[in-house]
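Engineer: no letters, just coordinates:
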């Protein structure tokens, strides 16, 4: 994208088109003009635009037809439609078809600048997701570690430095932060990338089976051992073994694991001889492992053996600036699977940014997939993301407090909108301006809160 963005202004009224283009050029944008739909499509075929700003009432091709055809050829182009005050229904229909926002004529210079800036910010956000993933994948072979925050840059930089070595890595992070993705990145960036990457989750396997799972067993070593079986250390020979939730193991097992890491040899259960293995170990935990050592639940010598290099994966609440990037990434994946062109509204992103995400990236991914699956419209709205956390057992008061807080917010918004409507009941633009929100946001809030102020505000 150009520094300020490329804009195509389409209007069959020459004076309106020229004035709008002049205002945008004065803001530093690269602006082209088109006098109709066919001319606009030809201009877009010659060079894509970051933003299409089009009038709705045009002949012979109207703005809705232009919108549909433009998004078919360039789906990432943002579109703002311009419409007369009495045609808000047409603007709502345009947004249903994929427009980012609308402007009611006549509009003020400041309102135009603000809407254009927001639309181009969204275009840059989508580009940033693609560019960051593509660049990191080209340089490091991993497209799944998305984030441009300082915390993620520190993590990926440290990861890229340690991965080419054979040093044992300990990954620490809360559940849902993506510890296995980090482990896979370590493997992918290492000289072992063409050999197996073998994961095992210690919390998902009972202690009696974990030893057999990792070390293997001889035939007849225990009831049910009907044949000799290779363990995961052998399966990972030459490659990497990822031991997830290592702090969930007992000290008896930890002693055996330490021996394997020290000697580079593994002994199957029921056998007396050992086998040499060449395995890089990457371990992970969602607990405070130093506290586990202090409280004698985890062997100190094993901790030192595993913690040659520590990689800490930050929780999502510590890198909230990455939420829009991640949400767009997950939505693109959901769209590819479903074949439906969903997009995130600015107000939906704002809602996600206010949430603490106790389930971290995994919770965000689930929320986006759920919203994409259940939403009836193409643009995901704040109400598509149910972010109230259910109360824990015995925490009824917390649930009541959360519900009460939501009710208080709704009541406050309802009263503020009602008061503004009483002052200027016939001008949606002035009501929105008084409330310091866009007319689009105002209409959505009125719909959600059940406020009716005349047919002019309701979609047909």
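Structural biologist: It's in. All figures in this text were calculated on a predicted structure; none of them were measured in a lab. Numbers count the residues shown, from 1 in each chain.
Engineer: just checking, residue 287 touches residue 246?
Structural biologist: No: at 9.4 Å, residue 287 and residue 246 do not qualify as touching, with contact defined as C-beta atoms under 8 Å. In this view, the C-beta of every residue, glycine as well, is placed from N, C-alpha and C.
Engineer: higher neighbour count, the two?
Structural biologist: Neighbours of residue 287 and residue 246, each counted by other C-beta atoms under 10 Å, are more numerous for residue 246; the result is 27 against 15.
Engineer: ok, the closest residue to that one other than its chain neighbours - how many residues close by?
Structural biologist: Sequence neighbours aside, residue 283 is the residue nearest to residue 246 in space, at 4.4 Å (criterion: C-beta to C-beta, 6 or more residues apart in numbering). Residues lying near residue 283 (other C-beta under 10 Å) number 27.
Engineer: roughly how far apart are residue 283 and residue 346?
Structural biologist: Computed as C-beta to C-beta, to the nearest Å, the residue 283 to residue 346 distance reads 41 Å.
Engineer: circling back to that earlier point, please, which helix or strand holds the residue nearest to residue 246?
Structural biologist: Element membership of residue 283, judged by DSSP states H and E, is strand 280-285.
Engineer: packing partners of the helix or strand following that strand?
Structural biologist: For strand 280-285, the following helix or strand on the C-terminal side (DSSP H and E) is helix 289-294. Helices and strands touching helix 289-294, by 3 or more C-beta pairs under 8 Å, 6 or more residues apart in numbering; DSSP states H and E, are helix 300-306.
Engineer: quick check: mean pLDDT of the helix it packs on?
Structural biologist: When pLDDT is averaged along helix 300-306, the result is 96.
Engineer: what packs against that helix?
Structural biologist: In terms of contacts (3+ C-beta pairs under 8 Å, 6+ apart), helix 300-306 is packed against helix 251-263, helix 289-294.
Engineer: give the contact list for residue 451.
Structural biologist: By C-beta atoms under 8 Å, 6 or more residues apart in numbering, the contact set of residue 451 is 414, 417, 418, 421, 445.
Engineer: surely residue 102 forms part of a helix?
Structural biologist: No: residue state for residue 102 (DSSP: H, G, I helix; E, B strand; the rest coil) corresponds to strand; a helix is not indicated.
Engineer: compute the number of surrounding residues for it.
Structural biologist: The burial count for residue 102: 23, using other C-beta under 10 Å.
Engineer: what's the closest non-adjacent residue to it?
Structural biologist: Ranked by C-beta to C-beta, 6+ apart and with sequence neighbours excluded, the top spatial neighbour of residue 102 is residue 91, at 3.7 Å.
Engineer: name the SS class of that neighbour, please.
Structural biologist: The assignment at residue 91 comes out as helix when based on three-state DSSP.
Engineer: go ahead and confirm it touches residue 79.
Structural biologist: No: between residue 91 and residue 79 there is no contact, the gap being 11.3 Å when judged by C-beta under 8 Å.
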